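1. no letters, just coordinates:
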């Protein structure tokens, strides 16, 4: 049972444009969400997080939006840069098992020139 | 460099064998997490240790076990290996036990033949 879903395995965006990566979850107990970026042959790197008490969190070019009623979150990257090309994982946790992250299967972002 | 060190980077072994994966957390981090990433899958949480004690458990097989030593490094032991155990095994560490950002190592790629 995939509780965190990233339905787009891949996404291609031109440099300078906006990249939008989507994530859906089914567990209504999830109240903390994170995005990780992963380059080949490296471990995932934390990007940005959001608590369920907020609907938006911004950090530089990265913004995460949370729609609790739709159980949906998205990561916006503006403007996209070639160095952003990587696999992006959405992850979630709930208060009861705060340290245990449930990951999606990832979306491979390709930023083209 | 996340500061989390995993050894070995690659491991090839036969079915039925036993292997030990090692993780050194970032300096000062008390929590260690183990995740498994099979082909085209998200990261699956296996287990967490905090300051030497088991803190949270995921869907870890009985053939797998882990421990965290007094110097805070951790080992993941995989026994009676099967072909399906072939995966990337990631270790992550964090300062606290709960909802804190985790830093991932580069992973150990295990191939069971």
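-> Structure's in. What do you need? Since the model is a prediction, treat every value here as computed from it, not as a measurement. Numbering: from 1, shown residues only, chains lettered A, B, ... in the order given.

2. in chain B, where is pLDDT below threshold?
-> B:99 (pLDDT under 70).

3. enumerate the residues of it near chain A.
-> Listed as neighbours of chain A in chain B under the rule CB under 8 Å from any CB of the partner chain: B:2, B:4, B:31, B:33, B:35, B:40-45, B:48, B:50, B:55-56, B:58, B:90, B:92, B:94, B:97-107. Quick note: C-beta positions are derived from backbone N, CA and C, even for glycine.

4. residues of chain A that sit close to chain B?
-> So far as CB under 8 Å from any CB goes, chain A lies against chain B at A:2, A:4, A:6, A:32, A:34, A:36, A:41-46, A:49, A:89, A:91, A:93, A:97-106.

5. so residue B:55 sits against residue B:34, correct?
-> No: using CB atoms under 8 Å, residue B:55 is not in contact with residue B:34; the gap is 11.7 Å.

6. quick one: the helices in chain B?
-> Assigned by DSSP state H, the helices in chain B number zero.

7. centre-most residue in it?
-> Taking CA atoms, centre = their mean, the centroid of chain B lies closest to residue B:34, which sits 3.2 Å from it.

8. tally of neighbours for the residue lying closest to that residue once chain neighbours are set aside?
-> The shortest distance from residue B:34 to any non-neighbouring residue, by CB to CB, 6 or more residues apart in numbering or on different chains, is to residue B:46 (4.2 Å). Applying other CB atoms under 10 Å in any protein chain shown, we find 22 residues neighbouring residue B:46.

9. kindly report the same for residue B:94.
-> So residue B:94, with other CB under 10 Å, has 23 neighbours.

10. ok, it to residue A:23 distance?
-> To residue A:23, residue B:94 is 22 Å away according to CB to CB, to the nearest Å.

11. hey, what's in contact with both of residue B:55 and residue B:34?
-> Residues touching both residue B:55 and residue B:34 by CB atoms under 8 Å, 6 or more residues apart in numbering or on different chains: residue B:48.

12. spatially nearest residue to residue A:8 (excluding sequence neighbours)?
-> residue A:107 is the one closest to residue A:8 (CB to CB, 6+ apart), at 5.2 Å.

13. and the residue in chain B that chain A sits nearest to, what does it touch?
-> The nearest approach of chain B to chain A comes at residue B:104, 3.2 Å away (CB to the nearest CB). Residue B:104 makes contacts with A:36, A:43-45, B:2, B:4, B:35, B:90-92, as judged by CB under 8 Å, 6+ apart.

14. ok, back up a step: quickly list what the residue nearest to residue A:8 is bridged to.
-> Beta bridges link residue A:107 to residue A:88, judged by DSSP bridges.

15. what's the burial count for it?
-> Neighbourhood size, residue A:107 [other CB under 10 Å]: 21.

16. mind listing what it touches?
-> For residue A:107, the contacting residues are A:6, A:8-11, A:21-22, A:87-88, by CB under 8 Å, 6+ apart.

17. hmm, try it at 6 Å
-> Applying CB atoms under 6 Å, 6 or more residues apart in numbering or on different chains to residue A:107 gives the contacts A:6, A:8, A:11, A:21, A:88.

18. ok, residue B:36 next?
-> Counting by CB under 6 Å, 6+ apart, residue B:36 touches B:44, B:46, B:87, B:89.

19. what sits closest to the first one if chain neighbours are left out?
-> Translated: residue B:44. Among residues not flanking residue B:44 along the chain, residue B:36 sits closest, at 4.8 Å (CB to CB, 6+ apart).

20. appreciated, that's everything.
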